[in-house]
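K.L.:
Would you be able to build a 3D model of this:
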Amino acid sequence: MFPSRLDSSVAYDIAKAMMDGFNRHYQLFRTESARAKHRFETADWHGQQRAQRERIEFYDLRVREASRRLEREFKAGEQGMEIWQQIKLHYIGLLVDHHQPELAETFFNSVTTKILHRSYFQNDFIFVRPAVSTEYIENDESKVRPTYRAYYPARASMAETLQRMVEDFDLRKPFDDLPRDAGYVAAAMLARLVDAQLRANFQIQVLTGLFFRNKGCYIVGKLINGFTEYPFALPVLHNKAGTGLAIDAALFGEDDLLMLFSFARAYFMVDMEIPSAYVQFLRSMMPRKPRNEIYNALGLAKQGKTLFYRDFLHHQRHSSDQFRIAPGIKGMVMLVFDLPSFPYVFKVIKDYYPHQKDTTREQIMGKYLLVKQHDRVGRMADTLEYSEVEFPRARFSDELIAEIEKFAPSQLEISDRDGDGNIEVIIKHVYIERRMIPLNIYLQEAFDAGGANPADTSPAAVRAREQIERGVIEYGNAIKDLVAANIFPGDMLWKNFGITRHGKVVFYDYDEIEYITDCHFRRVPAPRNEEDEMSGEVWYSVGPRDVFPETFAPFLLGNPAVREVFMQHHADLLDVEFWQTHKARIQAGYVHDVFPYGRDKRFAKAQAIN
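P.N.:
Take a look at the predicted model:
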């Protein structure tokens, strides 16, 4: 029940202080995102990586700051229920005409739950559902730039319009040849429209914020022709000599955009006045992509978590299947379960591990944090991290409960915590990731279909061999992209990689990852004598971060069909020189280019770019 009147001055002061805390957070977030443009123009790649890592920490820092202020100035934790009800109502009033109301509501929840006892966590005190719609928020274009700009090529040539569009972004580094690049893009766009009659409303809409990540800058927009929309993104890169810029490709369609905004890539830096407007624009281009993943891709991970959890609760209410132990080979460190009707998996750190896993819970959590802060280059799945997650006990299979009780009892509580007669399963700490097909299962399906038998010429066997080839080539590409990003995956077994719906191989087992620059890549020493040569044991010294690439083959290439493809495309991964060369380049300060699109999509002059 909400109070019938707002008569507490301290309630308003607390609400105002909390809003001040959020506004400070978003101002700092925007400032850091806006600086990405200068870092791109000056090719400050290490600064870009550092800013990316530091920005992830902004939210938690501001929540702690706001909580401390409320406790220090208002003794917020000692205020009664009626005061907190008024605080929320005052806060809703402050959201009127606010440009980031959904983010501010989430900030309110974070601060409130940090201050209040759990018994206060009711709808009356936090925003379980949004109180303010973000559907038609508009900014004052006389004071700040609009969310997107519209261009009408009918008034000039397509190439001239595109050149003006790019110039409007005011990049302070010259292009090598912008008219040439605009011509490439215009030809690609017109090819997409070749069978379509240009309508009177034909236009190009482009978001006014540039999207920065790794060494790239992206212009994102859509063509509108009648009732048809064509999403596109234009990657802008530095040339090889570093003397100018060039548009590297023209990406078209939802699939290309989904790859660009993949959950396996680092967050973009983009300066946004009204983030919900960006999300709506991007959702119109990628209707299959959940809103929570778009917020994540824009660097607003806390909002992404909030929306994901709302979607998850909604799914639970409208489904009836049970959580179960996830299919596949069980991990030694993580206990994994899923809900068949929900496209995510839930990962819980076990309480104890086999002797060969010399690690701790804190170290494993540190590895997951490393991945969160690192450039994932499309090869490491993003994770959502939650604490004290409640599930209905009736939705858990007895087998799954027994598994958790056996391997992670410290992470499990079964109780009627809220006193409402509903028994809940509470998981103390959990990581949630997009579900993928484990690579070992993907390959086994191909083996079972005859893919391992070259003499079988049936259509099913041919398709199976193509599946093996795709999987193995992508596996090697994934490892090489990780190496380029200074990541050694550690446990390189097939079961630790998954296949996305776009056929990309992504790594998802992080407990053994290390920086390439922290590893020592060695050759296996020559045996000293016949006894060494015949020994079944390792007879040479091995340090904690020593890696012997030539020893990968026995673990990875037991199947002849797999070995043939691997040796044809990725034999260099078994050569210590490959690893040492990449380590030396990274140590020398080189930042590799990792493209979120196929090389075949690059324009003909792309060889001028790294």
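
K.L.:
per-domain residue ranges of this protein.
P.N.:
9-120, 148-314, 319-435, 438-574 (automatic domain parsing).

K.L.:
With mean neighbour count as added columns, please give the ones you listed in a markdown table.
P.N.:
Bear in mind the C-beta positions are built from the backbone N, C-alpha and C, glycine included. Output for the domains of the chain, formatted as a markdown table (neighbours: other C-beta atoms under 10 Å):
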| stretch | mean neighbour count |
| --- | --- |
| domain 9-120 | 18 |
| domain 148-314 | 18 |
| domain 319-435 | 16 |
| domain 438-574 | 17 |
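
K.L.:
Lys601 is nearest to which of those?
P.N.:
When the domains of the chain are compared by C-beta to C-beta, domain 148-314 sits nearest Lys601, at 4.6 Å.

K.L.:
what is the rounded mean pLDDT of the lengthiest helix in the chain?
P.N.:
Counting residues, the longest helix in the chain under DSSP state H turns out to be helix 9-41. For helix 9-41, mean pLDDT rounds to 96.

K.L.:
Then stretch 438-449?
P.N.:
On average, stretch 438-449 scores 93.

K.L.:
Likewise for stretch 345-365?
P.N.:
90.

K.L.:
same deal with stretch 250-257?
P.N.:
On average, stretch 250-257 scores 95.

K.L.:
list the helices and strands the longest helix of the chain packs on?
P.N.:
When contacts are defined as 3 or more C-beta pairs under 8 Å, 6 or more residues apart in numbering; DSSP states H and E, helix 9-41 sits against helix 45-56, helix 58-74, helix 81-94, helix 101-115, strand 211-213.

K.L.:
who touches the shortest one?
P.N.:
By that I understand strand 211-213. Strand 211-213 has contacts (C-beta atoms under 8 Å, 6 or more residues apart in numbering) with 36-37, 39-40, 48, 52, 217-220, 233, 265-270, 375.

K.L.:
Downstream of it, the next helix or strand is which one?
P.N.:
Using DSSP states H and E, the helix or strand that follows strand 211-213 towards the C-terminus is strand 216-225.

K.L.:
Excluding covalently adjacent residues, which one is nearest to the residue most central in space within the chain?
P.N.:
Taking C-alpha atoms, centre = their mean, the centroid of the chain lies closest to Phe263, which sits 3.5 Å from it. Take Phe263 and drop its neighbours on the chain: the residue closest to it by C-beta to C-beta, 6 or more residues apart in numbering is Asp382, 4.7 Å away.

K.L.:
State the pLDDT value of the one you found.
P.N.:
Looking at Asp382, the pLDDT reads 91.

K.L.:
residues contacting it?
P.N.:
Listed by C-beta under 8 Å, 6+ apart, the contact set of Asp382 reads 263-264, 296, 372, 376, 433-434.

K.L.:
Repeat that for Ile426.
P.N.:
388-391, 412-415, 417.

K.L.:
Could you measure from Gln86 over to Phe566?
P.N.:
Plainly put, Gln86 is 65 Å away from Phe566 if you go by C-beta to C-beta, to the nearest Å.

K.L.:
ok, now Met272?
P.N.:
Taken as C-beta to C-beta, the span from Met272 to Phe566 is 44 Å.

K.L.:
and if you look at Ala460?
P.N.:
Taking C-beta to C-beta, one finds Ala460 at 23 Å from Phe566.

K.L.:
Run the chain-centre distance for stretch 315-332.
P.N.:
Centre-to-centre, stretch 315-332 and its host chain are 22 Å apart (C-alpha atoms, centre = their mean, to the nearest Å).

K.L.:
neighbouring contacts of that stretch?
P.N.:
The contact list for stretch 315-332 (C-beta under 8 Å, 6+ apart) reads 336-342, 345-346, 350, 353-354, 356-357, 391-392, 395-397, 399-400, 403, 438, 440-441, 495, 509.

K.L.:
hmm, 7 Å instead?
P.N.:
With C-beta atoms under 7 Å, 6 or more residues apart in numbering as the test, stretch 315-332 has contacts from 336-342, 345, 353-354, 357, 391, 395-397, 399-400, 403, 438, 440-441, 495, 509.

K.L.:
and what of stretch 448-466?
P.N.:
Residues external to stretch 448-466 that are found in contact with it (C-beta under 7 Å, 6+ apart): 446, 467-468, 559, 561.

K.L.:
Take the residues you listed and lay them out in JSON lines including secondary structure.
P.N.:
As requested, the contacts of stretch 448-466 are exported to JSON lines (DSSP: H, G, I helix; E, B strand; the rest coil):
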{"residue": "Ala446", "secondary structure": "helix"}
{"residue": "Gln467", "secondary structure": "helix"}
{"residue": "Ile468", "secondary structure": "helix"}
{"residue": "Asn559", "secondary structure": "coil"}
{"residue": "Ala561", "secondary structure": "helix"}
